[in-house]
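**Q** Take a look and give me a structure for this.
(2 chains)
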2 protein chains.
Amino acid sequence: MTEQKNIRINVELIRDWAQNCLQQAGAATELAQAMAENLVAADLMGFRTHGLMRLRYNLTCLQDGSSRANGQVKVLSQRAAVQLWDADLLSGLYVMPKAVDAAMTMARQCGTGTVVVKRAQHVAALAVYLEQATAQGMLVQMMCATPGQQVVAPYGAKTAWFSPNPFAIGAPTQGHPILFDVSLSMTAAGKVRKAIAEGQPLPYPALITAEGNYTTDATTFLADPASVLAPLGGEQLGYKGSGLCLFSELWTLGLSQLGRHQEQAGLDANTVWVQVVDPAAFGDPEEFKHQAQAMVDGIRATTPIDPNRPVRVPGEGAFKIRQEQSKHGIEYSAALWRQLEKVALSTGIPLPNS
Amino acid sequence: MTEQKNIRINVELIRDWAQNCLQQAGAATELAQAMAENLVAADLMGFRTHGLMRLRYNLTCLQDGSSRANGQVKVLSQRAAVQLWDADLLSGLYVMPKAVDAAMTMARQCGTGTVVVKRAQHVAALAVYLEQATAQGMLVQMMCATPGQQVVAPYGAKTAWFSPNPFAIGAPTQGHPILFDVSLSMTAAGKVRKAIAEGQPLPYPALITAEGNYTTDATTFLADPASVLAPLGGEQLGYKGSGLCLFSELWTLGLSQLGRHQEQAGLDANTVWVQVVDPAAFGDPEEFKHQAQAMVDGIRATTPIDPNRPVRVPGEGAFKIRQEQSKHGIEYSAALWRQLEKVALSTGIPLPNS
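**A** This next block holds a predicted model:
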C-alpha cells in the first residue's frame, strides 16, 4: 500500500456540502439538514462506518425512491406512554431525533416514553441520538433491527436468522454522559467487509462457516454459501447474545408487527425501539446524576489489567475524538475522500477545500 | 465420590413443607406461601442454584431480621407508567409477583408499566416471574443488581465493580412463551462455587485473577486477593458485557437512588427493574403472538452446527424439565436432600416421604 495522507476538513463546511448534495438528490431542506448533521455527527464521534462513508448510499436511496425525499411520519397507534410510528421510508437520520423528542414528552408525563418506529431508512449510528435525551437529564435506550436482513446465527446454528442488532444506552452524569452503542453479535458486517478490503483476518473468531466452524477468515463472508456472524458470547456463551438478539427483535419487529414473513426481501429499512426514562419520576434528578457519577468514578478507580490502559467508561473515547476533531477539523482517510470526490463530481457540487 | 441416588418428591408436598418451615421462622402465611412457591418454581424449571438450595439462607434471613417476616412494600414515588418501591427487606420471592402485577396494570393504561423495587431480600430466579406477564399476552423485561455486592470486573480491570447482574425477558407466542434469563457476566458466582465443590475447572476462562489473567481455575475465587468474574464477551469483547452491566446498574441502582456509596457493606438486598409492555398498545395482540411464533419457528428452522443438537429457543429447556418433574416429582440431589434433612431436624418439621 502506498502511504496516503488523511484529510482534515472543517466540520461546518463538510456538513453544508453533504446537505447540498442531499438536497440536490431531492431531499427537502429540513430532511437534508438532519441527514447531513447526523452522518457528520457519527464521523465526529469516530463511528466511521456510519458517517459520510454512507453518503453515496443515502443519495442513491433518495434517487431511486427507497428513501423518501419529504413527508411526515404517521402515528399508527398510541397510549399515554407509547407510540408506534410508520416512518414510511423517511431517513432514520431525520426521524430518530423526532422519536427521541416524542419519547421525552411522554416520559415527562408518565415516567417513561417509548416510540417504536418501523420503515425508517438508514438509522445509521444510534449513538448520535442519545445526547438529545441525556442533555435533558434523561436515560435513553435504543434497539434497532432490520426485517429485510438476516446475517446473525442463533446460537448453535450455522445459518442466519437475526439481522444486525445494534443496542445503545445513554445516561446523564455530573460530567459527560455515559454513551454505549454496540452490536449484539461478535462483530458487525461493516467490520468484516473492512477486513476483507484490507486483506486481514478478524482479530478473533466472529464468523461461523457453512461447515459450522468458528473462523477469523473474513473472506468466508463472501463464499457461497457464505459464513454468518456469531452472536455475542461466541462458541461457549453464544446463547446469551442469541437471547439478546431475540430481545431486540421481539421489542422492535414483534411490537411493530412488521416481521420477516411480510417484508419484501432486500428492503433495507430499520425498525427501532426508543425508550426514554425520566429519573425525576423516581426521585431527585440531581441525585440520579450523583449516583451515575459515582458509578463512573468507581469504574475508573478499578485496577487495570494493563497499568498503561486505564479502565474506560463507555462514551469517553467518542468524546475525546469529537473534541479533537471539532477543534482541528474532521479527519477523513484518503480513500474515503476520493469517494467523496466522486460524489462531488456526479453532483457537480465541489468539495470544500481541506 | 460414592454414587448417591437422587430423590424424587411430589411438588405439592415439598412446597408445603418449605412453607411450613418459613412460617415457623416467622414469615406471615401469605409471605411464606409465595417464598415456598417461587423457590420450588425455580427447582421445577431447573434453576437449581435459586431453588430450595437457598431455603436455609432464607430461614436464616428471617430469623436474624435481614428479611422481614411481614409487612407491605412502600410506594416511594410514581407517575402514570412508573413506580418506585421500597420493599423494606421483604423477600423478593414475595414482592416480585406484586411488582409484575402493578407493572401490568400500568401497561394496560399506558402501553408500558415499570416498577423499580429496592431493598428486596433474595429475589432468586427472575425466570419464575416472567410467565405472570406472558400469560396475559404481555412482554416483560427484568434486571437485578445488588448494591451491597461487587464481584464482576469492568472491562479492562482486574478488580470488581459490578454486582451479579441477571437479565431476563419473557414474551408470549402462539405456543410456549419465550423465557430468557442470563447473567451479564461470563459465569455466575454460584457456578464457580459449584466447580470448587466438585474440584473441577470452569469450562472456559470466566475469571480474572489478581494478576490480571483470564483463568478457568475456580479456586482462584477463594484466593486472597480473589479472582473476579469477567463481563460477558471476555478478553476480546468484554466491553460489551461491561456496558450491559452498567445499563443494568444505572436502571436499577441509579433510578432507585440506592447505590454503593450509601449501602451498608454486606447488605444482600436486591434492586430490580421490572418493565411490562402491552403489545395491544401497538396493534392486534394476536398478531404480536403470530410474529413471535414466526421468530421461534424461524430460529428452529436454522441449520444446526451439530445435526444431533437442534437449535433451541430460550425457555424450551426449562419447560421440558418442568413438565417432566411435574409429572414424576421434583428431583433433588442426595447432597441437597441431606441439607434439607438438616433443616427438617432444626425446625422439627419432618420432610415428606420421597
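**Q** need the strands for the stretch 151-300 of chain A, in chain order.
**A** A:166-171, A:178-183, A:207-208, A:214-215, A:228-229, A:270-277 (DSSP state E, counting those that start in this stretch).
**Q** What strands flank the fourth one, and is each parallel or antiparallel?
**A** Each strand that strand A:214-215 pairs with, and the sense of that pairing, follows from DSSP bridges: strand A:207-208 (antiparallel).
**Q** go on, the last one?
**A** Paired neighbours of strand A:270-277 in the sheet (DSSP bridges): strand A:112-120 (antiparallel), strand A:139-145 (antiparallel).
**Q** Confirm that A:L351 sits in a strand.
**A** No: going by DSSP: H, G, I helix; E, B strand; the rest coil, the assignment for A:L351 is coil, not a strand.
**Q** okay, now it: neighbour count?
**A** 18 (other CB atoms under 10 Å in any protein chain shown). Just so you know, the C-beta spots here come from the backbone N, C-alpha and C atoms, and that holds for glycine as well.
**Q** who touches it in this structure?
**A** Residues near A:L351 by CB atoms under 8 Å, 6 or more residues apart in numbering or on different chains: A:I14, A:W17, A:W337, A:L340, A:E341, A:A344.
**Q** just the buried members of those?
**A** A:I14, A:W17, A:W337, A:L340 (16 or more other CB atoms under 10 Å in any protein chain shown).
**Q** May I see the buried residues of the strand or helix carrying the second one?
**A** Remark: A:W17 resides in helix A:11-24, with elements defined by DSSP states H and E. By 16+ other CB under 10 Å, the buried positions in helix A:11-24 come out as A:V11, A:I14, A:R15, A:D16, A:W17, A:A18, A:Q19, A:C21, A:L22, A:Q23, A:Q24.
**Q** what domains does the record give for chain A?
**A** Chain A breaks down by automatic domain parsing into domains covering A:13-69+A:319-354, A:72-179+A:238-311, A:187-229.
**Q** Output the ones you listed as TSV; include the columns mean pLDDT and distance to B:Q149.
**A** Converted to TSV, those look like this (pLDDT from 0 to 100; distance: least, CB to CB, whole Å):
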stretch	mean pLDDT	distance to B:Q149
domain A:13-69+A:319-354	96	30
domain A:72-179+A:238-311	96	13
domain A:187-229	95	30
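**Q** Burial-wise, tell me which of these comes out on top.
**A** Among the domains of chain A, the stretch with the highest mean neighbour count (mean count of other CB atoms under 10 Å in any protein chain shown) is domain A:72-179+A:238-311, at a mean of 22.
**Q** chain center to the longest helix anywhere in chain A: distance?
**A** Counting residues, the longest helix found in chain A (DSSP state H) is helix A:92-110. Computed by CA atoms, centre = their mean, to the nearest Å, the chain-centroid distance of helix A:92-110 equals 17 Å.
**Q** what about it and chain B, touching?
**A** Yes: Helix A:92-110 comes into contact with chain B (CB under 8 Å from any CB of the partner chain), by way of A:Q109, A:C110.
**Q** list the helices and strands that helix packs on?
**A** Judged by 3 or more CB pairs under 8 Å, 6 or more residues apart in numbering or on different chains; DSSP states H and E, helix A:92-110 is in contact with helix A:29-44, strand A:82-86, strand A:112-120, helix A:131-134, strand A:270-277.
**Q** can we see that at 7 Å?
**A** helix A:29-44, strand A:112-120, helix A:131-134, strand A:270-277 (3 or more CB pairs under 7 Å, 6 or more residues apart in numbering or on different chains; DSSP states H and E).
**Q** Among these, which comes closest to A:W161?
**A** For these, the distance to A:W161 is smallest for strand A:270-277, at 15.6 Å, taking CB to CB.
**Q** Close to chain B: what parts of the stretch 251-354 of chain A are there?
**A** A:251, A:253-257, A:259-261, A:277, A:279, A:281-283, A:287-288, A:291-292, A:294-295, A:298-299, A:302-305, A:309, A:311-312, A:314 (CB under 7 Å from any CB of the partner chain).
**Q** what do you get if the cut-off is 8 Å, keeping everything else the same?
**A** A:251, A:253-257, A:259-261, A:275, A:277-279, A:281-284, A:287-288, A:291-292, A:294-295, A:298-299, A:302-306, A:309-312, A:314.
**Q** where exactly do the helices run in the stretch 251-354 of chain A?
**A** Secondary structure of the stretch 251-354 of chain A by DSSP state H, counting those that start in this stretch: the helices cover A:255-256, A:285-300, A:316-328, A:334-347.
**Q** what's the first one in contact with?
**A** With CB under 8 Å, 6+ apart as the test, helix A:255-256 has contacts from A:L84, A:V116, A:V117, A:K118, A:T271, A:W273, B:L139, B:V277, B:P279, B:F282, B:G283, B:F288.
**Q** Adding distance to A:G233 as columns, could you present these in CSV?
**A** As requested, the contacts of helix A:255-256 are exported to CSV (distance: CB to CB, whole Å):
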residue, distance to A:G233
A:L84, 31
A:V116, 26
A:V117, 28
A:K118, 28
A:T271, 24
A:W273, 21
B:L139, 22
B:V277, 25
B:P279, 28
B:F282, 29
B:G283, 32
B:F288, 27
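**Q** related to what we said a few turns ago, what would the strands paired with strand A:270-277 look like in JSON lines with distance to A:G241?
**A** Converted to JSON lines, the strands paired with strand A:270-277 look like this (distance: least, CB to CB, whole Å):
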{"stretch": "strand A:112-120", "distance to A:G241": "22"}
{"stretch": "strand A:139-145", "distance to A:G241": "14"}
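**Q** Of these, which is nearest A:P225?
**A** strand A:139-145 (22.9 Å).
**Q** Let's see that closest one as CSV, backbone CA atoms only.
**A** The C-alpha coordinates for strand A:139-145 follow below in CSV (Å, rounded to 0.1, in the frame of the first residue of the first chain):
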residue,chain,number,x,y,z
LEU,A,139,-32.0,8.0,30.3
VAL,A,140,-32.4,6.5,26.9
GLN,A,141,-32.3,3.0,25.5
MET,A,142,-32.4,2.1,21.8
MET,A,143,-32.6,-1.2,19.8
CYS,A,144,-32.7,-1.5,16.1
ALA,A,145,-33.4,-4.4,13.8
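**Q** Can you check what angle separates that strand from strand A:178-183?
**A** Counting by axes from the mean of the first three to the mean of the last three CA atoms, to 10 degrees, strand A:139-145 lies at 10 degrees to strand A:178-183.
**Q** Tell me what angle strand A:139-145 forms with helix A:92-110.
**A** Using the same axes, to 10 degrees: strand A:139-145 against helix A:92-110 is 140 degrees.
**Q** wouldn't A:G113 be in contact with A:A99 here?
**A** No: contact status for A:G113 versus A:A99: not in contact, 9.7 Å apart, counting by CB atoms under 8 Å.
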